[in-house]
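In: Have a look at this prediction, sequence included:
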Protein chains: 4
Amino acid sequence: MREFYTDDKVHEECGVFGMYRLDGGNVSKDIYYGLEALQHRGQEAAGIAVKDTNGPKGNLMLTKNQGLVSEVFHQEDLDRLKGDIGVGHVRYSTTGESNAVNAQPMAMNYIKGTLAVVHNGNIVNSKELKDAQMHRGLAHYTTSDTEVLAYEIIGDRVDAPNIEEAIKKTASKLRGGFAVIAISPRKMVGIRDPFGIKPLMLGRRDDAYILASESAAIKSIGGEVIRDITPGEVVTITKEGISSDTSLCQKKRAHCIFEYIYFARNDSVMDGITVHDARMRAGKALARANQVDADIVVGVPDSGLAAAAGYAEESKIPFAIAFYKNSYIGRSFIKPTKEERNIAVQMKLSVLDYVVKDKKIVLIDDSIVRGTTMRKLIQMLKKAGAKEVHVRISSPPFLHPCYYGTDVPTASQLIASQHSTEEVCNDIGADSLAYLRIDDFKEMVGDLPLCSACFSGDYPV
Amino acid sequence: MREFYTDDKVHEECGVFGMYRLDGGNVSKDIYYGLEALQHRGQEAAGIAVKDTNGPKGNLMLTKNQGLVSEVFHQEDLDRLKGDIGVGHVRYSTTGESNAVNAQPMAMNYIKGTLAVVHNGNIVNSKELKDAQMHRGLAHYTTSDTEVLAYEIIGDRVDAPNIEEAIKKTASKLRGGFAVIAISPRKMVGIRDPFGIKPLMLGRRDDAYILASESAAIKSIGGEVIRDITPGEVVTITKEGISSDTSLCQKKRAHCIFEYIYFARNDSVMDGITVHDARMRAGKALARANQVDADIVVGVPDSGLAAAAGYAEESKIPFAIAFYKNSYIGRSFIKPTKEERNIAVQMKLSVLDYVVKDKKIVLIDDSIVRGTTMRKLIQMLKKAGAKEVHVRISSPPFLHPCYYGTDVPTASQLIASQHSTEEVCNDIGADSLAYLRIDDFKEMVGDLPLCSACFSGDYPV
Amino acid sequence: MREFYTDDKVHEECGVFGMYRLDGGNVSKDIYYGLEALQHRGQEAAGIAVKDTNGPKGNLMLTKNQGLVSEVFHQEDLDRLKGDIGVGHVRYSTTGESNAVNAQPMAMNYIKGTLAVVHNGNIVNSKELKDAQMHRGLAHYTTSDTEVLAYEIIGDRVDAPNIEEAIKKTASKLRGGFAVIAISPRKMVGIRDPFGIKPLMLGRRDDAYILASESAAIKSIGGEVIRDITPGEVVTITKEGISSDTSLCQKKRAHCIFEYIYFARNDSVMDGITVHDARMRAGKALARANQVDADIVVGVPDSGLAAAAGYAEESKIPFAIAFYKNSYIGRSFIKPTKEERNIAVQMKLSVLDYVVKDKKIVLIDDSIVRGTTMRKLIQMLKKAGAKEVHVRISSPPFLHPCYYGTDVPTASQLIASQHSTEEVCNDIGADSLAYLRIDDFKEMVGDLPLCSACFSGDYPV
Amino acid sequence: MREFYTDDKVHEECGVFGMYRLDGGNVSKDIYYGLEALQHRGQEAAGIAVKDTNGPKGNLMLTKNQGLVSEVFHQEDLDRLKGDIGVGHVRYSTTGESNAVNAQPMAMNYIKGTLAVVHNGNIVNSKELKDAQMHRGLAHYTTSDTEVLAYEIIGDRVDAPNIEEAIKKTASKLRGGFAVIAISPRKMVGIRDPFGIKPLMLGRRDDAYILASESAAIKSIGGEVIRDITPGEVVTITKEGISSDTSLCQKKRAHCIFEYIYFARNDSVMDGITVHDARMRAGKALARANQVDADIVVGVPDSGLAAAAGYAEESKIPFAIAFYKNSYIGRSFIKPTKEERNIAVQMKLSVLDYVVKDKKIVLIDDSIVRGTTMRKLIQMLKKAGAKEVHVRISSPPFLHPCYYGTDVPTASQLIASQHSTEEVCNDIGADSLAYLRIDDFKEMVGDLPLCSACFSGDYPV
């Protein structure tokens, strides 16, 4: 496996993409490009399963492996993956189990033919479901909760009239945040958890329906967004068209705030919120809350740039490009020594000395996890002659774990859960440090109901 | 995949090897060497699963892939495969489904931990069992009947007191020929079908027990053979030692005659019969049955050499080496044209002209399937100056399919099922042609009860 | 080979990096990181050659291949590359001959031991030199002019007192733009063409000397820049230290303007000019020359961002982020269809609709080559609701080929050489179009003597 | 690199194969099959260079790498290698320099176009030639004497009227044993050293001429042998046909005896001698010289089988197959431990116990180098119940190094050069030991003049 320059971020686990071309055309290339558009949600593994709905029940084709989308798929894979219905997945793995077999889609044969399932999120009660399955004499090949989910659907299908009812029955048993797309021999079904923790959108291009984690993926292949899937909704697409079952929908919603802070692409619109705009507004809120006498506003590329632009606009302090980012750095076959980890930041980001020399700087980023990167960047800015560095973070301090699929380090690694803001400020060498307040989320996303448990400890489920 | 020079043979599907070191030592290298010793039984895929019986229940390690044993396993695989109990498998695949996922061992997690299963043979009622499993809500990842077998064991384990009872219960439901080795978290269990169609032997080396398809594999790693597993016997090896359950054993036996004709290694002893000796005796029977005036006896390398030696000894006609075999030929990345298939034989085997010039030859091989190779060899001998070529085959004509795991071509491809012996003789260009008679099997293997359905159409199951 | 999303840019051919650790430490990892810092100068092939100056004369180690630096080198390569002196190279190939053997360093054995050479640039009279070499009975393995250069040095070494004199003699015969680093068994020698067309800098870190195409590469490994190599200067580094021979230096200089427009990293300082500052000043010059009534200034990521920032500062029109760049897109194993080439831009860059809707936009990029990308971006902006798009280009129109190592398409592909500015404006769908004027270079880089032949047709050599 | 089961043999270094199709057809597949037929002469690297004689001068295509012929070449290589003239090579490497760059063919551009050279043998004065080349300002990429040879031809071509004269001039300067095939843009030239130490044959198939190390290779692709190249002869094949220059031929000949003892294929005829027949006659000579009271004659597979057959025929003691050879063993990615090296023999060869039990055995092999394998085989036979094992070796004891391209271990590793025959007999555990005598070569090969320096110390050059 290739991995080197660890960023100091929390991570999304997955992105999902499904497509059904009612005109019978091949979906594999569009899914490929759709997954490339979702690559930011997971870089460890990728996979595509497609099926020809006019072919025999068992003719599902699957390719999945560890690596980027562009590494996993070669021309011959796409040539082989022939079908008018299909699902794809990109995965970020949180554990040591980052092997090819745990990659998605999960695909298997069951009594009605083939089933392929992709899933973004985390099933909180997955262990209980798995134990019950095992007591029924089932075997598991993976440690993935997507396999548990797929087996549950298959079990529920025995007595259900169709796959969408089976999925609904399964969904009613799941606790957690999830967005799932499944293809049976003739249907594509999508479901989103009742709180709407994980995103899922419906789109269309010509005669094809698309389900995807983000609007940007739908647009990247030339499609148009129809709408967000309603939390709890089961959407079923067949040759005859689309139908919807909202009987699992509930009033309470809790959309993951981290999609707006960091996960989603800047150009996505999610549950009605323009992501880039939300980030700029977070920057504006920071500027209003904490005035500082400074010469330039600098965003950490790329995650801090939108909030920095908002901060600059609100504060009237000029926005400046002060870092060069080497976009070739990121993945390598070289095992880093401790020293090299230490200089990893400076290989990826370097300071434009003449921009920062003798300047008082507001430095914006979207989050601080361990603090390692921020500490290094401040060192680099000071070495280049910056007079002051005032750090503003466009999210509150991380204090709590996430149970819904985001990879937050354990509390002992979270600098904010171990130290006061003043201590963190000293530790990273900043001249001042301020975070966005939980109350400021209103300014970011208006009345959108949120899950912000990682900041507040208040879990929706 | 690499494949070029198709031989004109029937094929065994698999070889199995299991080892349990009671002293806690690592078994992976011994299994590797044991599989190399069984490579003749299957060259398409290989795999090893091992477990540390003192470790947690789920720590099974598995490597399997398409290719020869020496191609599938690299040093880092064996370094990684750490355990005191393990099973290995070599596979010859008969169908288009020759992919890595269908390779064995099959390994999965079930309620009691991990299970790894290897299997040589064919389960005749596998489809019915699979359908029943699917009706219970199970899913299948592969098209292999070994997965069906494993799921059946796992299902039976729910109510059984231990793994050996579950395996016995499963075995009682199976119809066909099979030799199975399974490892659960702490035990190795072997079972052989009640007719003994497929071979399985028990061996020992120091503190370790070994189960293997052939005695030669046990000896190749320095072990000694204890005995053949009795048909129907369930052998269970634990830290405490070995135990045996013979309640499924029956009187009727039907050992596969093809093990003695072709499959087994010359140096194996199987169900009491010395294989090389059986082949020599087949040659002697041929010599007695069909006298021919000839100058030399020539065996087709390597399959006809033992029978040729027997023929020569009995007939007093001198044994001669008349072919050079290029042992580097066999696997290639080059797709052969029709023309090249035609010359494949002459690239692999060439004639020592001076040996055969002006000679009357008895040419011995163990079987004729399509006749393509034999026709070419006779052409080559005649071109080199042979006066006469009298073909003697140390098995009867193939007429019927095998349902127990041997890959016999369809009747339309079997030259003997389409043509009379005289027609075949003309077709291949021989001066005379004679086969071993079914009655001669007595001379080969004495009173050993046989399955010779492929010759007689008389199926034991 | 992997290549898909063709950008519409001219390309540099190479970057070079050399290091000599006088303390005897290993240079291979530093060269690796140095090459990563130069990866923007060439992405097709990479290589490193190192030597232990205390070892025997012939113990040079070499790894080179096609691919990015991070793809070519695995841990075991760096473990193997042991030496205190070494050179590295990244290459962009302009022709079909983009194979591994043409990659650099070129390394060979000659009468004094091993020689490894890396070269950025183009030798105009390379064919004449090669012909003369062949008439002397020499053979060539490659079609690279670096091999010609190396053979010339080796030939001149026969009568020269040392390697530096041989290199000087060779250099006196070369016509063109070149920056060369060579390592003999005990010395590192650098030379830059007398006009200074190609860049080369000297740096230091602790006891080590560094030669590199750009200052950013020296700094990325923690080194400090000493100075630019004087055009025509031969720098020789031995265990005793550094010496310089300036006898080939001339008065006339002609630094490549494209280093400042596009090639060099934003954070480099080259021949006394801060690159990012030069780009901002080009944007300011554009703003002064062509006033336009607009709401926002938008730079095309990443090449137009610096000039856009300058334009915004000068014009007081707000700088806006209007594109999202998918940084995972760029290299793939998928062969694009015509359609996919067409949508390649929109997969890499997408518009933040809400930013541009109803806006009058100044769109800044550094160059227009074929016009394909710009046409697409304007379409995307207009589709997203932009009212007007005024294109400003921070370089003059391309009209002439480059003979010194930059890959400019043929005139027939250069949109500016085929059409008037007005025609180009219409063709790309802009509301107005203006270029930087050649006279504006003074504002960018002051009195620095330039080669701007690709714009003016006035060639220095 | 994959290597495990070291045999205890001396090794040939190379096999060469060239083909010129006057009808313009493609030669690459025939060369591929020709190299497979010569694979026994070298298993470490393989290569093919081809040229279209109607194409431009520089369009030579080359593929070479480490590995077996079937591993080096994939279908796409052969598809790419298009030409009507070509040469191929298989290589066994004696030193640490077994890398891809040292593989053959050596191919380069010189003043007349492309040259590709393959070479079997050893140039004794290669170092002197190389030094002189370097003093002329030449550079070497490899440590191979084939590169020296190629450069010498290229240098001589400057003043020679054509390539065949240049090759003749070069050949006149060479000392050692060599068989060389070269292709220039329009001609194929072969030359054999004046003593005929190394073999080279001329063949024909339809409109094509073939040069190859052995007759078996010519026949394997359906060609017929015309004749051996006369030692010292330069054969030139052009579109107009074949011509010969014998001006370098001499009276004295010295054919390598080891071709007849071990190197050549059993089915080859070389310099008029039928190889298999020579080996049988060696066995007969052994039988006549040393009578022994025994029950069976056993040859060590495969090298001792022909001599064993001869011994059996002469002595009237029955020939028996007593070993099973596992032909899948030989190359692996597993690093053997000391223990495993020890059991390597028993994994490759196993004893048919019932054949040897209570028998007095004459055991025949072609040579003893270190004695390790023979010691192990005798142990195995005795363990299986053999009463006596009388070893007969169909060559004299090795005492001297070879300077002409055969890889003989140093004297300290040669058991015969360190110990008396009696000591060796005891050491390997034999009941008696006898070698072929140098005088017996007359019986093997008649009056053929030989180089048997490795036995006698009497070197021809």
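Out: The structure has been received and is ready for your questions.
In: residue contacts, residue A:199?
Out: If you count contacts by CB atoms under 8 Å, 6 or more residues apart in numbering or on different chains, residue A:199 has them with A:179, A:192, A:213, A:214, A:228, A:255, A:256, A:259, A:264, A:270, A:271. Heads up, the C-betas are built off the backbone N, CA and C, glycines and all.
In: and with 10 Å instead?
Out: A:15-16, A:41, A:120-121, A:177, A:179, A:192, A:212-215, A:228-229, A:231, A:255-256, A:259, A:263-264, A:268, A:270-271 (CB atoms under 10 Å, 6 or more residues apart in numbering or on different chains).
In: try residue A:416
Out: By CB under 10 Å, 6+ apart, residue A:416 lies in contact with A:367-371, A:393, A:396-399, A:423-424, A:435, A:455.
In: one more time with 8 Å
Out: A:368, A:397, A:398, A:399, A:424 are the contacts of residue A:416 under CB under 8 Å, 6+ apart.
In: How is residue A:242 assigned, secondary-structure-wise?
Out: Classification of residue A:242 using DSSP: H, G, I helix; E, B strand; the rest coil returns strand.
In: Provide the partner residues of it in its beta bridges.
Out: Beta bridges link residue A:242 to residue A:237 when assigned by DSSP bridges.
In: Contact partners for it?
Out: Taking CB under 8 Å, 6+ apart as the criterion, residue A:242 is in contact with A:202, A:209, A:235, A:236.
In: hmm, try it at 10 Å
Out: Contacts of residue A:242 (CB under 10 Å, 6+ apart): A:20, A:22, A:188, A:202, A:204, A:209, A:226, A:235, A:236.
In: do residue A:326 as well
Out: Contacts of residue A:326 (CB under 10 Å, 6+ apart): A:5, A:346-350, C:36-40, C:216, C:220, C:265, C:267.
In: Just these: which are in helices?
Out: Taking DSSP state H as the definition of helices, these contribute A:346, A:347, A:348, C:36, C:37, C:216, C:220.
In: hmm, stretch A:332-347 touching chain C?
Out: Yes. Contact of stretch A:332-347 with chain C (CB under 10 Å from any CB of the partner chain) involves A:332, A:333, A:334, A:335, A:336, A:337, A:339, A:340, A:343, A:344, A:346, A:347.
In: can I assume the first one is in contact with residue C:73?
Out: Yes. Here residue A:332 reaches residue C:73: they are 7.9 Å apart, a contact under CB atoms under 10 Å.
In: just the buried members of the residues of stretch A:332-347 next to chain C?
Out: A:332, A:333, A:334, A:336, A:343, A:344, A:346, A:347 (16 or more other CB atoms under 10 Å in any protein chain shown).
In: ok, the third one - contacts?
Out: By CB under 10 Å, 6+ apart, the contact list for residue A:334 reads A:2, A:4, A:340, C:29, C:32-33, C:36, C:69-70, C:73-75, C:77-79.
In: Check those and tell me the two furthest apart.
Out: C:36 and C:79 (17.8 Å; CB to CB).
In: Give me the more crowded residue out of those two.
Out: Shown here are residue C:36 and residue C:79; by other CB atoms under 10 Å in any protein chain shown, residue C:36 has more neighbours (28 against 13).
In: so that one sits right up against residue C:217, yeah?
Out: Yes. With contact defined as CB under 10 Å, residue C:36 reaches residue C:217; the gap is 8.7 Å.
In: Now the common contact residues for those two.
Out: C:17, C:88.
In: Tell me which of the contacts of residue A:334 has the lowest pLDDT.
Out: Of all the contacts of residue A:334, residue A:4 has the smallest pLDDT value, namely 38.
In: Using CSV, write out every CA atom in stretch A:440-448.
Out: The C-alpha atoms that make up stretch A:440-448 are tabulated as CSV, following Å, rounded to 0.1, in the frame of the first residue of the first chain:
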residue,chain,number,x,y,z
ASP,A,440,-22.5,29.9,14.8
PHE,A,441,-23.7,26.9,12.8
LYS,A,442,-27.0,28.8,12.4
GLU,A,443,-25.1,31.4,10.4
MET,A,444,-23.5,28.6,8.3
VAL,A,445,-26.5,26.5,7.5
GLY,A,446,-29.6,28.4,8.8
ASP,A,447,-32.3,26.2,10.3
LEU,A,448,-31.0,22.9,8.9
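In: How about it, which residues are buried there?
Out: For stretch A:440-448, burial by neighbour count (16+ other CB under 10 Å) applies to A:440, A:441, A:443, A:444, A:445, A:448.
In: and the two most separated of those residues?
Out: A:440 and A:448 (13.4 Å).
In: Show me the beta-bridge partners of residue A:204.
Out: Counting by DSSP bridges, residue A:204 forms beta bridges with residue A:209, residue A:224.
In: show me what contacts it?
Out: If a contact means CB under 10 Å, 6+ apart, then residue A:204 has A:210, A:218, A:223, A:224, A:225, A:226, A:242 as its contacts.
In: how much space between the closest residue to residue A:315 other than its chain neighbours and chain B?
Out: Sequence neighbours aside, residue A:287 is the residue nearest to residue A:315 in space, at 4.2 Å (criterion: CB to CB, 6 or more residues apart in numbering or on different chains). Separation of residue A:287 from chain B (CB to the nearest CB, to the nearest Å) stands at 52 Å.
In: What count of nearby residues applies to residue A:287?
Out: Neighbours around residue A:287, by other CB under 10 Å: 23.
In: can you give me the offset of the strand or helix carrying it from its chain's centre?
Out: Element membership of residue A:287 [criterion: DSSP states H and E] is helix A:275-289. Distance of helix A:275-289 from its chain centroid, counting by CA atoms, centre = their mean, to the nearest Å, is 21 Å.
In: Could I get the buried residue list for that helix?
Out: Across helix A:275-289, burial judged by 16+ other CB under 10 Å covers A:275-287.
In: swap in stretch A:366-383?
Out: Neighbour-count burial for stretch A:366-383 flags A:366-378, A:380-382 (criterion: 16+ other CB under 10 Å).
In: Now do the contacts for the closest residue to residue A:437 other than its chain neighbours.
Out: In space, and not counting its chain neighbours, residue A:437 is closest to residue A:396: 6.3 Å by CB to CB, 6+ apart. Residues near residue A:396 by CB under 10 Å, 6+ apart: A:257, A:261, A:367, A:416, A:435-441, A:452, A:454-456.
In: What pLDDT is listed against residue A:396?
Out: Confidence score, pLDDT, at residue A:396: 96.
In: what pairs with residue A:325 across the strands?
Out: Listed beta-bridge partners, residue A:325: residue A:349 (assigned using DSSP bridges).
In: That one: neighbouring residues, count only.
Out: Using other CB under 10 Å, residue A:325 has 17 other residues around it.
In: repeat for the one 3 residues further on
Out: The criterion is other CB under 10 Å. On that basis, residue A:328 has 21 neighbouring residues.
In: what's the answer for residue A:54, then?
Out: Residue A:54 is flanked by 11 other residues according to other CB under 10 Å.
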